[in-house]
Structure formats: structure tokens, C-alpha cells
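*Asks:* here's my sequence, what's the structure:
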Amino acid sequence: MLPEVASWLRRRTSTAEDWPPRLLLGAKGDTRISVVLPARDEEATVGAIVAAIRTELVERTPLVDEIVVVDSRSRDRTAAVAAAAGAEVVVQDAVLPEEGRMSGKGEALWKSLAATSGDLIVFVDADLREFTPAYVTGLLGPLLTDPSVGYVKGCYDRPFVEGDRRVEGGGGRVTELVARPLINLHWPLLAGVMQPLGGEYAGRRALLERLPFVTGYGVELGLLLDVYHDSGLDAIAQVDLGRRVHAHQSTEALGEMSGQIMLTAWSRLERHGRMMPLEAPATALTRFHRGPDGYEGRTADVAVGERPPMAEVPGYAAARSFSPGRG
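*Replies:* Residues are numbered from 1 along each chain as shown. Prediction:
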């Protein structure tokens, strides 16, 4: 391990237990805090997450000012369940409609900047099981107590759960097989970030609004690399949140995710001046399945869309003035 990485790990890694709600409430002052859950067809889990945050961090300890669920074209009762649990529900495509429609998790996260009012924004995936409010307080701790920290990543154990079968350490397959090798090869000072693709992280609005957002699966890697490029390693902290349990995707879906992760890394290598490509990468991913007549090739487009920094969007200020908690 590089000495700079070892030093960063010592200085910038903490645990959720280090940040009890009452300590953070004393540090909050007039800082406004938003918790955002991007959600697509998550009726089974979103309600419990929202209810836990509202009970513990809005009613019992008034730390969080707004809980916003960005509904990303759900076909189930995600919106109704989230609203019943106490969240403000925002329809993704109704935010900044003049900017058009794009798809993917990153689109929901980008739109959330215009639909919230917090100075600090905490992102939490809506498919988590065994969620605790310590996810939120842990991520807020470094931001509320150290002005030099701009971005906080959660880290955790990730068991692989399939039905009644649980394999400890078996989750995070794309992280271990794709993202971590890429980071160690090209951004070695980020090698200490334990969960670069994890969906639980928080940041200062002033930083997030000047970053582009990849709209697909590459959003977490893109933000991490852009924060590092914009603000340096010491602007990043990480907090051990314990364990993360969620539904796992098929190998085929992970293949598409991996393709988008690679394309996001490629785009940052080029944009940040770390390579000079001779040609653009292909975006078609072909896989093979055995059919009655032998192998059949199936091709998917894994191209990565991207939104510009929100601060550059003309309607951003106007959209924020009517966001939950402001209008």
C-alpha cells in the first residue's frame, strides 16, 4: 500500500458509532440536510427505510430536514408506499422537464439536486434490507464536523444473499472484478476507498452541483473520480456502516453494469488528461446463449449518458425555489 493511502485511511476513516445523532445535532447549526432515495420498483423496502429515518432523525432527533424519494418510472406502488411512510415523492421526469428525459440511476440523483434544498445531501439506495438510521448519521459525521471534507463514502461488508443462502463477503462482484482493479491501475491514491461503487454516500451541495453526473451505472465511480480531480484526496472520507444487504442482480445485468463502469473510467481518463485515446471505445456488448440451433449472439448498448454540472443548468435556481421544504 502506498504511504499516502495508508495515511489517508488513518485520518479519513471512521465508523458510524463515532457519530451519534446528538453529537451531530450540536454541530448542525443552521445547516440544512436532505436525504435522497432514488427508487424504481422498490415498494417492498422503501417504506421501512423512510419510516426509520423519519422516526429517528426527524421526529426523535431533528437532524434531517427533508426526505425525498425520486421515483424513477416505477411500475409498482413505490411512490404511494414512500409517501405513506413520510417522504416527499418527486417524479423524476417532472423535474427540469425542459432538459429532456434520460434514463438510469444517475439521472434520478442528478434531478434530486434540483428537487431538494439541503446544504448537505445524503444518498441512500431504496432496496436496502436491514437498514438502520446509522447509515445516515455515519455519512453526515465527517461533513458536519470537518469543513475540509466535501464527500463521504460508506463502506460495509456485503454478503451475497439468494433466497435462504447467504455467503459472507460474496457481494460486490463488480467492485472486486472491475472497479477496484481499474482504480488501482489508474488512480492508485484512491485504493483505500473500500466501496467505490456503493450507493450510500453524502456530499456538500456546493461540490455536487459543479460535477457532471453519469446517468447509468457509472454514476458512483464518476462522482468519486470527479471529486478527486476537483478537490483532491483529502476532501474524501469514508465511514464504516457495518453491513449492507440488498437484492442482487443477474450475471447478465452485472455484465452491462461492468461495461458502463469501464466506459465511465475511460471517459475520466481522457477528460482528466490521464490518457490520449486513438479512437473512441465501442459501446456494444455481445454475449452468447445456447439455443436449440446452437449459440445465439445477443448485443446490448452499454453507452454511458451524462448530465452537465447542475450549476450550469439555466432552470436550476428556479427549480430549487419550489423544491420540497421551500415551496
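*Asks:* got a list of contacts for stretch 100-114?
*Replies:* 34, 36, 38-40, 68, 70, 72, 90, 92-93, 95-96, 121, 123, 199, 205, 208-209, 213-219, 222, 305, 307, 310, 313, 315-316, 319-320, 323 (Cβ atoms under 8 Å, 6 or more residues apart in numbering). For glycine as for every other residue, the C-beta is placed from the backbone atoms N, C-alpha and C.
*Asks:* with stretch 173-192 instead?
*Replies:* Residues contacting stretch 173-192 (Cβ under 8 Å, 6+ apart): 1-2, 4-6, 8-9, 13, 193, 195-198, 221, 224-225, 228, 233, 236, 238, 254, 257-258, 261-262, 265, 269, 274.
*Asks:* what are the buried residues along that stretch?
*Replies:* 173-175, 178-180, 182-183, 186-187, 190-192 (16 or more other Cβ atoms under 10 Å).
*Asks:* quick one, phi/psi of the residue nearest to Glu56 when sequence neighbours are not counted?
*Replies:* Leaving aside its chain neighbours, Glu56 sits nearest to Pro133 (4.2 Å; criterion: Cβ to Cβ, 6 or more residues apart in numbering). Backbone torsions of Pro133, given as degrees, to the nearest 10, read phi -60, psi -10.
*Asks:* try Asn184
*Replies:* Per degrees, to the nearest 10, the backbone of Asn184 is at phi -70, psi -30.
*Asks:* and what of the one 3 residues further on?
*Replies:* The phi and psi values for Trp187, taken as degrees, to the nearest 10, are phi -130, psi 60.
*Asks:* any idea how far the residue nearest to Glu56 is from Leu37?
*Replies:* Relative to Leu37, Pro133 is positioned 13 Å away (Cβ to Cβ, to the nearest Å).
*Asks:* which one of the two has more residues nearby?
*Replies:* For Pro133 versus Leu37, the count of surrounding residues by other Cβ atoms under 10 Å is larger for Leu37: 29 against 22.
*Asks:* what bridges to that one?
*Replies:* For Leu37, the beta-bridge partners are Val69 (DSSP bridges).
*Asks:* surely it is in contact with Ala51?
*Replies:* No. Applying Cβ atoms under 8 Å as the test, Leu37 and Ala51 come out as separate, 11.9 Å apart.
*Asks:* what's the pLDDT at Arg243?
*Replies:* With respect to pLDDT, Arg243 scores 80.
*Asks:* contacts only, for it.
*Replies:* 130, 156-159.
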